[in-house]
Each structure stands twice: as C-alpha cells, then as structure tokens.
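K.L.:
fold the following and give me the result.
(2 chains)
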There are 2 protein chains.
Amino acid sequence: MSKIITISREFGSGGREIGKRLSDQLGIGYFDSEIIKQISEKTGLSEQYIESIYEKGPSSYPISFGRTFYSNLPLQNNQTEVFVAQQKIIKEITKNGDCIIVGRGADIILKQYNPMKLFIYANMQAKIERCYEKAHENENLTQKEMEKKIVGIDKNRKKYYSLLSNQIWGDKNNYQLCINTSDIEIKDIIPSLSDYIESWFRRNI
Amino acid sequence: MSKIITISREFGSGGREIGKRLSDQLGIGYFDSEIIKQISEKTGLSEQYIESIYEKGPSSYPISFGRTFYSNLPLQNNQTEVFVAQQKIIKEITKNGDCIIVGRGADIILKQYNPMKLFIYANMQAKIERCYEKAHENENLTQKEMEKKIVGIDKNRKKYYSLLSNQIWGDKNNYQLCINTSDIEIKDIIPSLSDYIESWFRRNI
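P.N.:
Numbering: from 1, shown residues only, chains lettered A, B, ... in the order given. From the prediction side, this is the model:
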C-alpha cells in the first residue's frame, strides 16, 4: 500500500509550506494547486473559478463570476461537476504511489486508503502575519480585513468538509497529529515531523 | 529559562507512558504521582483521597471517604486545600529546572513560564484496550463499564480544568501539539517526538 499523507489546514497556518517541505524531505509527490489544474482540464472551467468555489464556499454565489460565461450555467451543477472531478482526480493521484495532498477534503475522500492525516493550525495573530508575508503585492488588506478573510475562508472549508462527511473539520479526533504553528519556524520541525510520519507508516502500512 | 513540558491527556490514551519515556529520552525529571505524594505531605490528607478528588471531580461528594476522618471537615475546604497545595507544588517543581508534568492543569498553572504543551488523545476502542492492559488484577470491568469510567474521568478532568481557566480542556488551540495514539506504539514515536520538542524549545526559550 502507498504512503498517503493528507494535510488539512487553517488558512494562513503554513499547511502548504509543511506539505512542500515534507515532500522534499520524504521524496514523495506533493499535490495542491496541481489538483485545481487537473480539474480545470477535466471540466473546462477556469482555475480561478474553481479556486473561488473553495474560497467562497460551496453554496454561496460567486459574485465576481456572476456575469461571466458561467452565469449561463446552473451554479449548483458547476459546483457539483468540480467536486465530482476533484474526488476522481484525488483518487487517481493515489494510483501512482506515495503522495501528499493538501486540503480539499482528501482525508475523507481517501479514507479507505488509511492515510496519515495531519491538521495544521495557529492562533489568529500568527496566521495574519503569515498571510502578510505571503500576500500578493496588490493585496493591501488591513489587519481587520485580513482576519475577516481568514475566518471566511476557514468557514467555507468547514462547510465544504461537511458536504463530504458528518465529521467536523478541525476536530482533532479526525487526525493523527495536530500541529500548532504559532510559535515555530516550519523548516525547523520538518526533520522530526518526517521521522514521526515514517514511524507511523511503519505500523500502519 | 527551564524547559517545561506539560502533558494533558485523555484517560487511557497513554499520556503517562509518553511522559515517562520522554523523561528518559530527554533526561528531564517527570512528575505525576509524585505531585500527589507531595500534596499528601503538605496537607496531611491521604494520597488515595487526593487522587479521588481528581477522579470523582472537584464538586462531587467522595462517597468512599464519606464516613472517614475527613467527613468531619467541610468538603469544599478539603478540595480547596488540595488545589492550593497542588498549584504551589507544581510551581516549586519548576524551580529545580527542566521538568515534564502530567495532568493536573499544569499547562494553565505554569502559563507564565511558556511551557511546551502536549495533548494526548485516542479513540474509545484504543483507550479501552489500553485500560485493560494496565488494569489492576482485581479490576474486572465490562467494556461498557470501562467506557463509562473513561468518559467519567475525562468529564471530571474537564471540570477541574474549567476551575483554573476559561479555556476548554482538550481544545487543540490550547496546545502546541495534539497526538492521537490510537494507531501507534508509543515507544516508536518517542525519538521523533523528542526531536520535535527540542526544536520547539530552540525557538521558544
């Protein structure tokens, strides 16, 4: 059986960085925006639009796309199409062997493969600081706006997760390890975290 | 500053074993039943009685001791005495340098010293199995009774914690790392966990 690591994460907590660094350390493929690209190819929908479904939430109206090409299509169908394609793609990824998948409910979608499930979180101040570090040049949000953005995105991640499962997103009982990144430098914990993951797989594969 | 590690844990999740093994691996003193012994010396109350306060909860009546010597003392005072002594002892322990303290709200009591805070948990089946392994010979509980015992003890730990803080016991946001022991052999994770803790202290001390 393959080693499958799923990383669920609060927005701004560094889950993506952990995924990338673990990928380098363990020599395992990492999938994140790659999934969006593949969904786009499969559905013909733009990557930007697909990303917006996650960020704006599965049932909310995607205002910025309201008057584009997609406004002619029933919104619900678009979303369903994306979610179905995503589940298929995530399962396909695992066929090629070991992998690290960030977000998108992969822990639920891949439940039958018994993945090692991580949840990455941090306090609000740390998340805001991380978001500022990673912000695009044209993104000039105040602290309050940034906090609102973080809370909003996580609310939608929770909502999306609840479509896949009756488990609660972020409930520690759904994960093997929950890592608080508020007061760490991510690169410092990668060697020990990789060793922890390896020891988990020695018993669970 | 000293390295202080606090371990909060669900009953039956192996928190005590993690504490002992980390103590060996890191060469740091480990305090658990030692605290009970010291409270007993300070207050003159029996170790068994002190333990019962934790297990039966801070506000419930300790039936098994209802007709002993202590029944002449106001119960609430006894409990307060224990909690006050405990806080003092836990703070005194830290004066001697690095330490690992299991349970007893040490993460709250020692907040000002910025401890590395772990929370250890597991699913019910794993906890029941661990409890059977560790059970005393004369303890013949059915699965159902064991589950009831586990749920009851954790309920009281939560209650005790709420006396010390307005934080919620077991809420991952209060801890740096939450470890699910359902599908691991504790000894296997000790080397990587120790390394993780060391890397955390390199940044937070």
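K.L.:
what's the helix or strand for A:Ile7?
P.N.:
If you go by DSSP states H and E, A:Ile7 is part of strand A:4-9.
K.L.:
show me what the helix or strand of chain A with the lowest mean pLDDT is packed up against.
P.N.:
The least trusted helix or strand in chain A, going by mean pLDDT, DSSP states H and E, turns out to be helix A:47-56, with a mean of 76. For helix A:47-56, the elements it packs on are helix A:33-43, helix A:75-95, helix A:143-164, judged by 3 or more Cβ pairs under 8 Å, 6 or more residues apart in numbering or on different chains; DSSP states H and E. Any C-beta I mention is one placed from the backbone N, CA and C, and that applies to glycine too.
K.L.:
pull up the pairing partners for the helix or strand that the last one is followed by, direction included.
P.N.:
From helix A:143-164 onward toward the C-terminus, using DSSP H and E, the following helix or strand is strand A:177-180. Each strand that strand A:177-180 pairs with, and the sense of that pairing, follows from DSSP bridges: strand A:116-121 (parallel), strand B:177-180 (antiparallel).
K.L.:
not counting its own residues, what contacts strand A:177-180?
P.N.:
Here strand A:177-180 makes contact (Cβ atoms under 8 Å, 6 or more residues apart in numbering or on different chains) with A:18, A:116-123, A:172, A:189, A:193, A:196, B:172-173, B:175-180.
K.L.:
quick one: it to chain centroid distance?
P.N.:
15 Å (Cα atoms, centre = their mean, to the nearest Å).
K.L.:
cool, and stretch A:156-166?
P.N.:
Its chain's C-alpha centre and that of stretch A:156-166 lie 12 Å apart, by Cα atoms, centre = their mean.
K.L.:
now do that stretch, average pLDDT.
P.N.:
In this model, stretch A:156-166 has a mean pLDDT of 88.
K.L.:
can you check stretch A:180-189 too?
P.N.:
96.
K.L.:
quick one, phi/psi of the nearest residue to A:Ile28 once chain neighbours are set aside?
P.N.:
Leaving aside its sequence neighbours, A:Ile28 sits nearest to A:Asp98 (Cβ to Cβ, 6 or more residues apart in numbering or on different chains; 4.4 Å). Note on A:Asp98: backbone dihedrals following degrees, to the nearest 10 are phi -50, psi 140.
K.L.:
so who does A:Asp98 touch?
P.N.:
Residues in contact with A:Asp98 (Cβ under 8 Å, 6+ apart) are A:2-4, A:26, A:28-29.
K.L.:
can I get the buried part of those residues as one PyMOL selection?
P.N.:
Here is the PyMOL command that selects only those of the contacts of A:Asp98 that count as buried (16 or more other Cβ atoms under 10 Å in any protein chain shown):
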select buried, chain A and resi 2+3+4+26+28
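K.L.:
on that earlier part again, looking at the strands paired with strand A:177-180, which is closest to B:Arg104?
P.N.:
Across the strands paired with strand A:177-180, B:Arg104 has its closest neighbour in strand B:177-180 (18.5 Å, Cβ to Cβ).
K.L.:
right, and the helix or strand after that closest one?
P.N.:
Following strand B:177-180 in sequence, per DSSP H and E, is helix B:186-203.
K.L.:
next, the contact list for the spatially most central residue of chain A, please.
P.N.:
Centroid check for chain A by Cα atoms, centre = their mean gives A:Gly103 as the closest residue, at 1.8 Å. Neighbour list for A:Gly103: A:7-9, A:15, A:32, A:54, A:157 [criterion: Cβ under 8 Å, 6+ apart].
K.L.:
any idea of the mean pLDDT in stretch A:92-102?
P.N.:
Mean predicted confidence for stretch A:92-102 is 90.
K.L.:
how about that stretch: buried residues?
P.N.:
A:93-94, A:98-102.
K.L.:
show me what from chain A comes close to chain B.
P.N.:
Residues of chain A lying near chain B by Cβ under 8 Å from any Cβ of the partner chain: A:119, A:121, A:123, A:170, A:172-173, A:175-180, A:182-185, A:188-189, A:191-193, A:195-196, A:198-200, A:202-204.
K.L.:
show me the contacts for A:Arg9.
P.N.:
A:15-16, A:18, A:102-103, A:119-121.
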